[in-house]
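*Asks:* no sequence for this one, just the structure:
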């Protein structure tokens, strides 16, 4: 980035120093050089963005194998927790300087069944909830 800025500044200062003595042809050559540099810089940015996204042709087999990284948390420098999935089983790993430790094998949990709620009558639902929690229905003693 600094190199490109230095080239642009040098091109502009060279054209401004000789602006009165040179022909317009050198100014257009400098302008073409400037636009050429911008195009090259744009192409480099596009290539960098594609490499950053780890496209399949740059990283073959990514996400198609039996092992996938679900989440990674960095705790300290060179120390992390990693949750991986291997053939349907999840493992929590501790990553250190020169070692990898298995912290826990996590069993897949079964989703809890959702009970349908009858919202037709609020008073009936409130009375049923109060009866389940052992709350007295008659609060006239207070």
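*Replies:* Right, received. Where do you want to start? Nothing here was measured: the structure is a model prediction, and the numbers come from that model.

*Asks:* how's the protein carved up into domains?
*Replies:* By the assignment in automatic domain parsing, the chain contains the domains 2-52, 67-106.

*Asks:* Show residues contacting the helix or strand hosting residue 69.
*Replies:* Following DSSP states H and E, one finds residue 69 within strand 67-76. Strand 67-76 is contacted by residues 80, 81, 82, 83, 84, 85, 86, 90 when judged by CB atoms under 8 Å, 6 or more residues apart in numbering. No exception for glycine: its C-beta is placed from N, CA and C like everyone else's.

*Asks:* these two touch, right, the last one and residue 102?
*Replies:* The reference is to residue 90. No - the criterion here is CB atoms under 8 Å, and residue 90 misses it with residue 102 at 11.6 Å.

*Asks:* Comparing those two, which shows the higher neighbour count?
*Replies:* Neighbour tally, residue 90 and residue 102, criterion other CB atoms under 10 Å: the higher count belongs to residue 90, 14 against 9.

*Asks:* and the more buried one, bridged to which residues?
*Replies:* Per DSSP bridges, the residues bridged to residue 90 are residue 85, residue 106.

*Asks:* Quick check: it vs residue 73, distance?
*Replies:* As defined by CB to CB, to the nearest Å, residue 90 lies at a distance of 15 Å from residue 73.

*Asks:* Then residue 81?
*Replies:* Taken as CB to CB, the span from residue 81 to residue 73 is 5 Å.

*Asks:* which of the two has more neighbours?
*Replies:* Neighbour totals were compared for residue 81 and residue 73, and residue 81 leads with 14 against 10 (other CB under 10 Å).

*Asks:* In this model residue 94 seems to touch that one, though I could be wrong.
*Replies:* Yes - with contact defined as CB under 8 Å, residue 81 reaches residue 94; the gap is 6.2 Å.

*Asks:* tell me, what's touching the two both at once?
*Replies:* The contact sets of residue 81 and residue 94 overlap at residue 103 (CB under 8 Å, 6+ apart).

*Asks:* low pLDDT regions in the protein?
*Replies:* 1-8, 10-25, 54-64, 109-112, 114-120, 133-142 (pLDDT under 70).
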